[in-house]
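1. test case, fold it:
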Amino acid sequence: MLIQNSFIKKIVSGGQTGVDRAALDIAIELKIPYGGWCPYGRTAEDGIISKKYNLKEAPPPTEKEKLDPDAIYKKRTELNAKDSDGTLIIIKDPPVGGTLYTIEMAKKHKKPYLIFNFSKNNNINDIANWIIKNNVYRLNVAGPRASQTSDIYHLSYNLLFQILNHPLLNQSKEERLFRAKL
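-> As a prediction, this is how the structure comes out:
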């Protein structure tokens with residue numbers, strides 16, 4: 001299914017298992033441009049990130065950064081937060097590790113972010129309205145890796161399918177402006 005007038009012009013993700021891969025896979029399925037930075041060496045918890053995901057490899061860590069075993073992931077995370085218009089963080093449990101770091105990087109680069117927590121029954125309309133209100137055309141999608149949260153890939157994939165097909169995000173600019181005046 002090709003979305004004609006989608007508000008989202010690009011999906012950004014880092015390529016890790018879980019939420020990141022769900023974002024890339026739904027972008028591919030819906031033929032939405034996607035990209036982003038992946039870790040140096042294309043490393044993920046399940047091995048090397050497939051070349052089918054058209055991601056740029058982040059620069060290698062500096063000597064100082066090499067002291068941190070997560071340096072390659074942190075560099076990727078910062079670049080994706082910085083290069084997008086806003087970040088949607090999808091979680092089921094309280095954010096930890098790289099997900100918490102994503103929030104820090106969004107704040108550091110003064111980018112809007114929204115946390116969608118499956119455990120709190122958030123409303124999908126809130127996500128669509130947040131995207132429009134913050135002019136998030138390049139959407140960074142982040143969250144836990146598959147080993148940290150069971151079922152997060154499938155939950156995220158289905159959520160992103162709903163978001164990317166949401167009526168508010170698939171109206172023309174004129175329709176959105178008209179509805180905003182009502």
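
2. middle-most residue in this structure, spatially?
-> Compute the mean C-alpha point of the chain, and by Cα atoms, centre = their mean the closest residue is Val141, 0.7 Å away.

3. for it, list each beta-bridge partner.
-> Beta bridges link Val141 to Leu88, judged by DSSP bridges.

4. for Phe116, see how far away it is.
-> 10 Å (Cβ to Cβ, to the nearest Å). Using the backbone N, CA and C atoms, a C-beta is placed for each residue, glycine as well.

5. now do Glu104
-> In this view, Glu104 and Phe116 are 18 Å apart by Cβ to Cβ.

6. and Thr99, by the same measure?
-> Per Cβ to Cβ, Thr99 is found 12 Å from Phe116.

7. please name the nearest non-neighbouring residue to Ala23.
-> Leaving out its chain neighbours, the residue that sits closest to Ala23 by Cβ to Cβ, 6 or more residues apart in numbering is Val141, at 3.7 Å.

8. for the one you found, give me the pLDDT.
-> Val141 is assigned 98 on the pLDDT scale.

9. Asn123 too?
-> On pLDDT, Asn123 comes in at 89.

10. next one: Arg179
-> Each residue has a pLDDT score; the one for Arg179 is 56.

11. tally of neighbours for the closest residue to Gly36 other than its chain neighbours?
-> Leaving aside its sequence neighbours, Gly36 sits nearest to Val12 (Cβ to Cβ, 6+ apart; 4.1 Å). Residues lying near Val12 (other Cβ atoms under 10 Å) number 27.

12. then Lys9?
-> 12.

13. same check, this time on Ala146
-> By other Cβ under 10 Å, the residues close to Ala146 number 20.

14. then the one 10 residues further on?
-> One way to gauge burial is a neighbour count; for Ser156, by other Cβ under 10 Å, it gives 28.

15. that one touches Gly18, doesn't it?
-> Yes. Between Ser156 and Gly18 there is a contact at 7.2 Å, judged by Cβ atoms under 8 Å.
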